[in-house]
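Peer 1: Return a 3D structure for these sequence lines:
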Amino acid sequence: MTSFASPASLLHEVADLRAAILTPVTTASQLASNLDRIYSAFDLISFDDYEVAEHRDAAPDLMAALFDLRMTLRNQVERWHADGMMSRHAVKRTRDCLRAMRYASDIIGELWIGYQTLPKGAPTLRAFTGNNYNTHAPGALGQTRLAFQSGDVILVRGRMHNSAAIARIGDIDSQYSHVCIVYIDQNGMHWAVEALIEDGAVIRPLAEVLAHDLGRAIVFRHRDSALAQRAAYVIYDRVRLSLSSQGKHIPYDFTMRLDDSPKALFCSKLVRRAYKEASDHTVILPTFPTRLDMKNRDFLDRIGVKAEETFAPGEMELEPQFDVVAEWQDYRVTSDLRLQDLVMDKIFEWMERDGFRFHETFKIRLISICGRLSSYLSNDIKEMIEDIIPRVPSNMKRSAVAAIAMLHQTAQPMLEQLRRLEADSIRQSDLPMHPREVRDRLERMRLEGGNTLGYLRIRDR
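Peer 2: You can find the predicted model right below:
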């Protein structure tokens with residue numbers, strides 16, 4: 001007779017991991033080794049060891065425990081950093097642990113809602129709403145109303161493949177792809193100041209941003225509220241002026257360089273600039289920058305990235321001076337986000353390990369040329385035709401349009417196959433595929449594809 005682990009035993013495992021996180025360490029190597037063990041403990045968990053029905057009933061308690069575990073780990077970063085122990089390996093492993101913990105929590109949330117999926121064309125929930133324990137906050141699982149403050153930084157994840165790619169573009173993987181800063185004006189109106197690929201630096205109603213097809217979001221708050229308010233005002237005023245008839249539009253910065261030029265901004269550089277200027281250059285984000293030092297820079301070169309080191313949006317997750325206000329996810333789409341993450345992990349791994357590079361066809365070249373030409377149309381016309389031709393800013397290279405199109409066309413068939421396998425797994429066992437199993441399936445696709453995977457090719461050596 002099969003013996004299943006109870007929810008109580010899983011909670012006990014979480015408590016043991018919490019104790020491991022809090023175990024005193026004195027050297028960077030000790031910390032790295034400890035984090036390796038914690039990550040391995042999550043990666044080796046077998047879903048088959050747990051009684052599904054009991055865990056569905058206990059889902060709220062399990063999600064709360066896992067959120068508390070993530071916060072415990074995150075809160076240790078400040079001390080470890082102050083003690084000089086946050087080596088590059090420790091940073092990577094901390095992020096790995098947070099990602100694995102979040103995946104575990106997502107799966108429990110998916111189990112809780114009976115593996116409901118989002119109907120095609122239906123909108124996601126507005127971030128920080130939902131009645132299925134979608135929002136986690138310290139001491140308040142299920143909280144649905146947040147009191148935002150000026151200077152709050154919101155880290156989000158969209159549902160497109162390019163969002164998954166941005167989340168994994170550097171040497172440390174993330175589950176988030178975009179960041180913006182909140183500004184509350186004298187009339188109490190809430191605005192999001194952000195830099196978008198399509199539009200450059202813009203100001204939008206916060207409610208509109210939170211309702212824009214998101215799968216995840218986290219709100220971070222700087223501990224110095226006066227500084228946060230200044231940062232919000234500084235960047236709001238700068239972008240407002242750039243959008244006026246007297247100003248000059250601030251385009252998106254595809255180079256991802258962390259220079260001091262305000263002429264072009266990418267999303268996290270906008271947040272960096274806000275806090276840097278407001279603090280008289282004493283708060284410099286990020287604390288733990290992303291490195292872009294891979295040997296195969298084919299994708300980066302195509303989209304115009306010039307930096308060797310940058311501020312990726314996901315770096316906000318470890319910023320020591322910011323506290324987590326709340327974290328949110330729509331459990332109807334977290335399975336897709338997880339599968340997208342794993343697909344993108346493998347695509348970049350294959351590029352780095354095996355030498356795959358994108359290969360343009362006539363079709364892709366035509367799409368990219370039409371996309372570039374569309375950049376000279378009015379915004380109204382762009383919106384009318386964006387289902388046929390992607391919205392492209394005037395400073396986006398044709399090669400970047402082509403790269404994003406090829407990335408999507410390469411990843412989408414893999415995602416669709418994984419979706420079918422995930423659905424089969426749930427029908428047969430009431431459990432999703434373990435990330436290890438997904439990685440194994442993707443490697444099989446790689447072997448079956450030989451030297452060709454969608455628009456990726458291994459060039460003759």
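Peer 1: Pick out the residue nearest the middle of the protein.
Peer 2: Nearest to the mean C-alpha position of the chain, counting by Cα atoms, centre = their mean, stands Tyr176 at 1.1 Å.
Peer 1: residue contacts, it?
Peer 2: Residues in contact with Tyr176, defined by Cβ atoms under 8 Å, 6 or more residues apart in numbering, are 155-157, 167, 216, 218, 313-314, 316-317. For glycine as for every other residue, the C-beta is placed from the backbone atoms N, C-alpha and C.
Peer 1: ChimeraX command to pick out the buried ones of those residues?
Peer 2: Remark: buried members of the contacts of Tyr176, expressed as a ChimeraX selection using 16 or more other Cβ atoms under 10 Å:
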select :155,156,157,167,216,218,313,314,316,317
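Peer 1: List just the nearest of the contacts of Tyr176 to Ala195.
Peer 2: Closest approach between the contacts of Tyr176 and Ala195, by Cβ to Cβ: Pro313, at 10.7 Å.
Peer 1: How is the protein partitioned into domains?
Peer 2: Using automatic domain parsing, the domains assigned to the chain come out as 7-112, 135-329, 334-458.
Peer 1: quick one: pLDDT of the residue nearest to the centre of the chain?
Peer 2: pLDDT, Tyr176: 93.
Peer 1: Regarding it, what is its secondary structure?
Peer 2: coil (DSSP: H, G, I helix; E, B strand; the rest coil).
Peer 1: The contacts of Tyr176 in helices, which ones?
Peer 2: Judged by DSSP state H, the subset of the contacts of Tyr176 located in helices is Ala167.
Peer 1: ok so, going back, just name the most buried of the domains of the chain.
Peer 2: Compared across the domains of the chain, domain 135-329 shows the largest average neighbour count, a mean of 19 (mean count of other Cβ atoms under 10 Å).
Peer 1: Straight-line length of that domain, end to end?
Peer 2: This stretch, domain 135-329, spans 7 Å end to end (Cα to Cα, to the nearest Å).
Peer 1: so how far is that domain off the chain centroid?
Peer 2: Its chain's C-alpha centre and that of domain 135-329 lie 12 Å apart, by Cα atoms, centre = their mean, to the nearest Å.
Peer 1: ok so, going back, what's the distance between the residue nearest to the centre of the chain and Ala164?
Peer 2: 10 Å (Cβ to Cβ, to the nearest Å).
Peer 1: which non-adjacent residue is nearest Ala264?
Peer 2: Among residues not flanking Ala264 along the chain, Asp253 sits closest, at 3.7 Å (Cβ to Cβ, 6 or more residues apart in numbering).
Peer 1: ah, wrong one, I meant Asp301
Peer 2: Closest to Asp301 by Cβ to Cβ, 6+ apart is Ser399, at 8.0 Å.
Peer 1: Would you mind measuring from the one you found to Leu146?
Peer 2: Using Cβ to Cβ, Ser399 is found at 41 Å from Leu146.
Peer 1: same question, His434
Peer 2: Counting by Cβ to Cβ, the gap from His434 to Leu146 is 33 Å.
Peer 1: And for stretch 101-118, what's in contact with it?
Peer 2: Against stretch 101-118 from outside (Cβ under 8 Å, 6+ apart): 42, 45, 47, 52, 55-56, 59-60, 62-63, 66-67, 69-70, 73, 124, 132-134, 175, 329-338, 426, 430, 432, 435.
Peer 1: Figure out how far it is from the centre of its chain.
Peer 2: 17 Å.
Peer 1: isn't the residue nearest to Asp301 right next to Ser368, touching?
Peer 2: Yes: assessed by Cβ atoms under 8 Å, Ser399 is found in contact with Ser368 at 7.3 Å.
Peer 1: mind listing the strands in the stretch 151-300 of the chain by residue range?
Peer 2: Here the stretch 151-300 of the chain has its strands, by DSSP state E, counting those that start in this stretch, at 153-158, 178-184, 190-196, 200-205, 214-222, 290-291.
Peer 1: Please name every helix or strand in contact with the fourth one.
Peer 2: In other words, strand 200-205. strand 190-196, helix 225-242 (3 or more Cβ pairs under 8 Å, 6 or more residues apart in numbering; DSSP states H and E).
Peer 1: what does the second one give?
Peer 2: Using 3+ Cβ pairs under 8 Å, 6+ apart as the contact test, the elements touching strand 178-184 are strand 153-158, strand 190-196, helix 225-242, helix 267-278.
Peer 1: Just send these back as CSV, with distance to Gln412 and mean pLDDT too.
Peer 2: Formatted as CSV, these follow (distance: least, Cβ to Cβ, whole Å; pLDDT from 0 to 100):
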stretch, distance to Gln412, mean pLDDT
strand 153-158, 15, 96
strand 190-196, 23, 97
helix 225-242, 34, 97
helix 267-278, 24, 97
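Peer 1: CSV for the ones you listed, including distance to Glu422?
Peer 2: Shown next, in CSV, are the helices and strands packed on strand 178-184 (distance: least, Cβ to Cβ, whole Å):
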stretch, distance to Glu422
strand 153-158, 19
strand 190-196, 31
helix 225-242, 41
helix 267-278, 30
